[in-house]
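>>> Next come a sequence and a model predicted from it.
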Amino acid sequence: MAIVKPFKAIRPSRDKVALVSSKSYEAYSPAELGAKLDFNPFTFLHIINPGYKYHQEITGEQRFEMVHNRYEEFKENDIFIQDSLPSFYLYESSDVNNTFCGIIAATSVDDYNKGIIKKHEGTMQHREELFENYLKVTGFNAEPVLLTHKDNSDLDAIIAKKKLDRPEYEFSTTDKKLHKLWVIFEESIIASIIDVFKDTSSLYIADGHHRSASSALLAKHLTDDNEHNTGDEPYHFFMSYLIPESHLKISEFNRFVKDLNGYSADEFLVQLDAHFRIENRGQQMYKPSKKHHFSMYLNGEFYSLYLRKGSYHFTDALSTLDAEILFQTILKPILGIHDLNNNNRLGYTNNTLDSLSLKTNVDNGTFKVGFGLIPITVQEMKEIADAELKMPPKTSYIEPKLRSGLTMYEF
């Protein structure tokens with residue numbers, strides 16, 4: 001049984017929402033970021049980059065305090081308003097290729113701790129502690145955790161009916177996406193949504209593992225500090241965007257290595273032969289279409305690599321993932337990469353940004369060799385989470401990528 005809860009979001013006024021909402025800070029180039037900050041006084045980027053107007057780079061807890069101050073200024077200037085009633089928020093983003101639609105709600109830290117909200121990635125303690133401190137000092141969260149659940153016809157019907165109403169927000173962004181948001185404040189609809197999730201045995205984190213882990217850490221520490229804790233305080237919940245599995249889009253990451261660990265190209269191919277059937281494709285671009293098939297780009301030529309079935313043993317859900325196979329058969333034993341989280345010889349790109357990156361990142365000399373994989377499936381992601389295993393980093397690039405500053409959750 002999963003717990004979802006309506007909340008009184010802080011959000012932009014209707015007339016300013018298109019100016020306020022932003023992509024994640026890291027998604028902008030320095031030139032784009034500077035233009036946004038110079039020419040848009042309403043962008044949420046001013047809140048998370050509070051030192052810009054002072055022409056200073058501010059870090060640490062001082063930055064967190066200034067983020068809080070900018071956030072309060074946006075409220076004081078009525079750029080942000082707070083809903084008077086606890087609500088769910090139906091949010092849809094679409095472009096010519098995809099439509100993503102789901103419910104923004106408060107989800108339970110207790111569900112996270114019990115494993116009802118399941119994870120498939122590991123987290124780093126220092127990042128958990130850093131973001132916990134950020135939440136504690138700023139007092140709000142503006143980026144929901146992306147959770148997915150089984151498709152549900154009852155929920156589909158609730159959403160379809162609500163979408164007949166005029167959205168509270170409807171605006172387009174420069175990446176050619178249309179955004180719509182409906183405020184669900186009606187008690188009967190709220191009750192129906194809560195009931196749907198009461199019958200949901202598991203929710204899966206698709207994106208936001210550190211955000212959810214940090215929220216759980218914050219709840220633990222604030223509970224310990226509050227002798228009158230009731231379990232219903234806002235810090236016992238964190239903001240999430242819940243979408244059905246059919247709305248997730250998963251793309252692959254290419255992997256690159258800067259050198260061949262002392263091997264010549266011919267020697268490297270000989271090493272690969274122990275686990276793979278290799279075919280030189282020359283200049284013909286090759287993309288794998290099946291599990292356990294890989295593409296490789298080396299010395300100006302494409303290769304197809306097919307895993308030899310008798311040379312590798314599957315022991316659990318993790319061992320069947322192509323990213324894990326690549327690690328266990330090539331990256332670790334041949335190229336000497338043992339730590340996927342901390343190795344400056346290793347790089348990644350996702351194919352949503354550049355379908356030719358496997359070639360261009362090798363041809364320009366940044367890397368010596370590149371490997372292409374097929375995307376994982378939602379079912380594979382769930383099997384890893386159910387088994388309490390952890391995927392290698394950069395195994396999946398999951399969409400939708402959520403905008404900051406549409407709804408904010410205060411602690």
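Received it, and whenever you're ready, just let me know what you need. None of the values given here were measured: they were computed from a predicted structure.

>>> After the lengthiest strand in the chain, which helix or strand is next? Please name it.
Longest strand in the chain, counting residues (DSSP state E): strand 99-108. Counting by DSSP states H and E, the next helix or strand C-terminal to strand 99-108 is helix 109-114.

>>> Output the below-cut-off pLDDT ranges for the stretch 251-400 of the chain.
Along the stretch 251-400 of the chain, segments meeting pLDDT under 70 span 353-355.

>>> Do a quick rundown of the helices in it.
Here the stretch 251-400 of the chain has its helices, by DSSP state H, counting those that start in this stretch, at 265-272, 322-326, 357-363, 378-386.

>>> Which one of those lies nearest to K114?
Nearest of the helices of the stretch 251-400 of the chain to K114, taken as Cβ to Cβ: helix 378-386 at 13.7 Å. From N, CA and C alone the C-beta is placed, and that goes for glycine too.

>>> re earlier: give me the sheet partners of the longest strand of the chain and which way each runs.
strand 4-5 (antiparallel), strand 88-94 (antiparallel), strand 237-244 (antiparallel) (DSSP bridges).

>>> between the host helix or strand of R127 and strand 237-244, how big is the angle?
Counting by DSSP H and E, the element that carries R127 is helix 125-138. For helix 125-138 against strand 237-244, the angle between stretch directions is 110 degrees (axes from the mean of the first three to the mean of the last three Cα atoms, to 10 degrees).

>>> so for helix 125-138, what's the average pLDDT?
Averaged across helix 125-138, the pLDDT comes to 95.

>>> Same question for stretch 4-20.
97.

>>> Okay, buried residues for that stretch please.
For stretch 4-20, a neighbour-count test (16 or more other Cβ atoms under 10 Å) marks 4-7, 9-12, 16-20 as buried.

>>> With respect to A219, which of those residues is nearest?
When the buried residues of stretch 4-20 are compared for distance to A219 (Cβ to Cβ), K5 wins out at 13.8 Å.

>>> show me what contacts that closest one?
86, 105-108, 194, 237 (Cβ atoms under 8 Å, 6 or more residues apart in numbering).

>>> Need the max-distance pair from these.
Using Cβ to Cβ, the contacts of K5 span at most 15.0 Å, a distance reached by P86 and S108.

>>> Look at these two and report which has more neighbours.
Using other Cβ atoms under 10 Å as the criterion, P86 and S108 rank with S108 on top: 21 against 15.

>>> Name the nearest residue to that one, sequence neighbours excluded.
I3 (4.1 Å; Cβ to Cβ, 6 or more residues apart in numbering).

>>> Name all residues that make contact with that neighbour.
By Cβ under 8 Å, 6+ apart, the contact set of I3 is 107-108, 110-111, 197-198.

>>> Generate a ChimeraX selection restricted to the buried entries among those.
Command for ChimeraX that selects the buried part of the contacts of I3, burial taken from 16+ other Cβ under 10 Å:
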select :107,108,111,197
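
>>> Now pLDDT and distance to L269 too, for the contacts of I3, in JSON lines please.
Formatted as JSON lines, the contacts of I3 follow (pLDDT from 0 to 100; distance: Cβ to Cβ, whole Å):
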{"residue": "T107", "pLDDT": "98", "distance to L269": "49"}
{"residue": "S108", "pLDDT": "98", "distance to L269": "52"}
{"residue": "D110", "pLDDT": "98", "distance to L269": "53"}
{"residue": "D111", "pLDDT": "98", "distance to L269": "49"}
{"residue": "F197", "pLDDT": "98", "distance to L269": "52"}
{"residue": "K198", "pLDDT": "96", "distance to L269": "56"}
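
>>> So which of the contacts of I3 is the closest to K258?
T107 (40.5 Å).
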